[in-house]
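S.K.: One predicted model, sequence on top.
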Number of protein chains: 2
Amino acid sequence: MPESIRILIVDDHAVVRKGLAMVLRLESDLEVVGEAENGRIGLEAAKNLNPDIVLVDLVMPEMDGQEMALALRKSNPKIKVMMLTGTEVDDRVFDLVAAGIEGYVLKNIEPGELVRAIHAVVHGEAYLHPDVMKKVLGRIQPHHAPSISLTPREIEILEWMASPNTYKQIAGQLNVSEETVRSHAKNILEKMKQPNRAQAVLAAMRIGLIKLDEGK
Amino acid sequence: MPESIRILIVDDHAVVRKGLAMVLRLESDLEVVGEAENGRIGLEAAKNLNPDIVLVDLVMPEMDGQEMALALRKSNPKIKVMMLTGTEVDDRVFDLVAAGIEGYVLKNIEPGELVRAIHAVVHGEAYLHPDVMKKVLGRIQPHHAPSISLTPREIEILEWMASPNTYKQIAGQLNVSEETVRSHAKNILEKMKQPNRAQAVLAAMRIGLIKLDEGK
DNA sequence: GGCTGTCTCCCCCGTGCGGGGGAGACAAAA
DNA sequence: TTTTGTCTCCCCCGCACGGGGGAGACAGCC
């Protein structure tokens, strides 16, 4: 028989806490081990109780759900987080999923569905409310095939072109002449049919040649 | 009692088709209404049978799952698509979810889980296999608050700065003097602490001020 | 009335960059 | 062997751009 899932509930409304606890206690394999009324207290409770999963309300006084979730992620990354919000999908969801929050449900969720969601999250899956899912998936960029054939060296130069460095500085970094870099850049612009460095970088990003982080 | 869910199975391996059909027929509310051995035939079958959902293998001869899914999306957008693949997560998943494919499961999925997934997708949710979900969510960019306070006009100029147009051309489009555009650009670079136009655009993209789509 | 912020426009200057050439060294393919 | 591709380096030219300065018109706020 599997161990029961230890749950911590963090919400500033007592009725919500009690209601959730009541619903969840109906399930034999769920165990509500604690409640907290804001993020700060919840963070303490999570550290002491070490639950499997924390249900967190997004809007709370003193320390809101986002802040708490991010803090918990840092201190106890193994504890799963299920975010609860009202009916509207908050833009902060992007930060949350990007930060690795596993679950995001709206408060109008059916109890049975919530139980399913909790199980999914505890088992390492991610559960996002359909509306949230839709919004998040809308952010996905198609992964175009790199139709342009750049040489490895050119791709390397192109990555550098996304940096603040001038061609002279890039040349210094790569231990080649500035003319070489400029020559490569010329060919890259030619191949990519882009009018300038900025557009080339944007185009490269669109086709997935360059990611939106590594700044050299 | 709800109507049963009409399913079309598209896979080039007969054993897979038969196995799936057998498993799914065990569920009282699932009905396998047809099978097809490649995307082209599957597309025809889908148009004739009008199923609720199509289970499609990604790799197939003649017309693969991606091509078929995209075609079906265009012709019969109401028919849901559940993509099936081997154990590895294909990069094409980005294109698929971006195109609105609702489900993506690996073939090693538990039958019960597949049934759950089918129900979820038919009910308008998206179901992605945990590994796929992880990969897809990794693509999400955090939604930083625009910490820099740009005026509306400056944001407008900044959007134009992401275009191939020169300042002179932008000025023409906005019916102001080139000097005005250059002046705004100067202030934008100042505020954003960026050394040049290209970096400013990249920075703007990172904080979500600009999206990675069509240039002006 | 002042003060502040925004939008507009102007000047100058130096340089980074795009576009046009060309060329040598080397390796792999034909 | 010749040819092709890649990487390296060089020259010149003109323009776009970044950085410095200043200024007038207007709206809103105190």
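M.R.: Looks like it came in fine. Bear in mind that the values here come from a model prediction, so they are computed numbers and not experimental data.
S.K.: Quick check: which ranges of chain A have low pLDDT?
M.R.: Scanning chain A for pLDDT under 70 picks out the ranges A:1-2, A:87-91, A:98-99, A:137-149, A:208, A:211-216.
S.K.: Mark out where each domain of it begins and ends.
M.R.: Using automatic domain parsing, the domain parsing of chain A gives A:5-137, A:152-206.
S.K.: how far out from the middle of the chain is the shortest one?
M.R.: Yep, that's domain A:152-206 we're talking about. Put simply, domain A:152-206 sits 31 Å off its chain's centre (C-alpha atoms, centre = their mean, to the nearest Å).
S.K.: Just confirm yes or no for that domain near DNA strand C.
M.R.: Yes - counting by C-beta under 7 Å from any atom of the strand, DNA strand C has neighbours in domain A:152-206: A:166-168, A:182-183, A:185-186, A:189-190, A:195-198. Where C-beta positions appear, they are placed from N, C-alpha and C, glycine not excepted.
S.K.: ok so, going back, just put the domains of chain A in JSON lines and tack on mean neighbour count.
M.R.: Shown next, in JSON lines, are the domains of chain A (neighbours: other C-beta atoms under 10 Å in any protein chain shown):
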{"stretch": "domain A:5-137", "mean neighbour count": "18"}
{"stretch": "domain A:152-206", "mean neighbour count": "17"}
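S.K.: isn't there a strand covering A:Tyr104?
M.R.: Yes - assessed with DSSP: H, G, I helix; E, B strand; the rest coil, A:Tyr104 lies in a strand.
S.K.: circling back: return the member of the residues of domain A:152-206 next to DNA strand C nearest to DNA strand D.
M.R.: Nearest to DNA strand D among those is A:Ser183, at 3.5 Å by C-beta to the nearest atom of the strand.
S.K.: What is the biggest helix by length in chain A packed up against?
M.R.: Secondary structure of chain A per DSSP state H: the longest helix is helix A:178-192. For helix A:178-192, the elements it packs on are helix A:152-161, helix A:167-174, helix A:197-206, judged by 3 or more C-beta pairs under 8 Å, 6 or more residues apart in numbering or on different chains; DSSP states H and E.
S.K.: These: which one's closest to B:Lys80?
M.R.: If you check each of the helices and strands packed on helix A:178-192 against B:Lys80 by C-beta to C-beta, helix A:197-206 wins as the nearest, at 28.6 Å.
S.K.: Please see if that closest one touches DNA strand D.
M.R.: No - on the criterion C-beta under 7 Å from any atom of the strand, helix A:197-206 is out of touch with DNA strand D, staying 7.7 Å away.
S.K.: now the angle between helix B:197-206 and that helix, please.
M.R.: Angle of helix A:197-206 versus helix B:197-206, following axes from the mean of the first three to the mean of the last three C-alpha atoms, to 10 degrees, is 30 degrees.
S.K.: can helix A:197-206 be found next to chain B?
M.R.: Yes - judged by C-beta under 8 Å from any C-beta of the partner chain, helix A:197-206 comes into contact with chain B at A:197-199, A:201-202, A:205-206.
S.K.: try stretch A:64-78
M.R.: No - applying C-beta under 8 Å from any C-beta, one finds stretch A:64-78 separated from chain B by no less than 10.6 Å.
S.K.: thinking A:Val81 is in contact with A:Arg73, fair?
M.R.: Yes - with contact defined as C-beta atoms under 8 Å, A:Val81 reaches A:Arg73; the gap is 7.3 Å.
S.K.: Mutual contacts of those two, please.
M.R.: With contacts defined as C-beta atoms under 8 Å, 6 or more residues apart in numbering or on different chains, the residues adjacent to both A:Val81 and A:Arg73 are A:Ile101.
S.K.: returning to what we had before: I'd like the helices and strands packed on helix A:178-192 laid out as CSV, including distance to B:Glu156.
M.R.: Formatted as CSV, these follow (distance: least, C-beta to C-beta, whole Å):
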stretch, distance to B:Glu156
helix A:152-161, 26
helix A:167-174, 30
helix A:197-206, 17
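S.K.: give me the number of residues near A:Glu3?
M.R.: A count of nearby residues for A:Glu3, using other C-beta atoms under 10 Å in any protein chain shown, gives 8.
S.K.: quick one, what contacts A:Tyr119?
M.R.: I think there's a mix-up here, since residue A:119 is His and not Tyr. Residues near A:His119 by C-beta under 8 Å, 6+ apart: A:Ile5.
S.K.: can you confirm it is in a strand?
M.R.: No - assessed with three-state DSSP, A:His119 is helix; it does not lie in a strand.
S.K.: Measure how far stretch A:115-133 is from the centre of its chain, please.
M.R.: The chain centre lies 14 Å from the centre of stretch A:115-133; the measure is C-alpha atoms, centre = their mean.
S.K.: Report the backbone C-alpha coordinates of it in CSV.
M.R.: Taking C-alpha atoms only, stretch A:115-133 is exported to CSV below (Å, rounded to 0.1, in the frame of the first residue of the first chain):
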residue,chain,number,x,y,z
VAL,A,115,-7.6,15.1,-6.4
ARG,A,116,-6.5,13.9,-9.9
ALA,A,117,-4.3,17.0,-10.3
ILE,A,118,-2.7,16.4,-6.9
HIS,A,119,-1.8,12.9,-7.8
ALA,A,120,-0.5,13.9,-11.2
VAL,A,121,1.8,16.6,-9.7
VAL,A,122,3.0,14.4,-6.8
HIS,A,123,3.9,11.7,-9.4
GLY,A,124,6.1,14.2,-11.2
GLU,A,125,3.7,15.3,-13.9
ALA,A,126,2.7,18.8,-14.4
TYR,A,127,-1.0,19.7,-14.1
LEU,A,128,-2.2,23.0,-15.6
HIS,A,129,-5.8,24.1,-15.7
PRO,A,130,-7.0,23.9,-19.3
ASP,A,131,-7.3,27.7,-19.6
VAL,A,132,-3.9,28.1,-18.2
MET,A,133,-2.6,25.4,-20.5
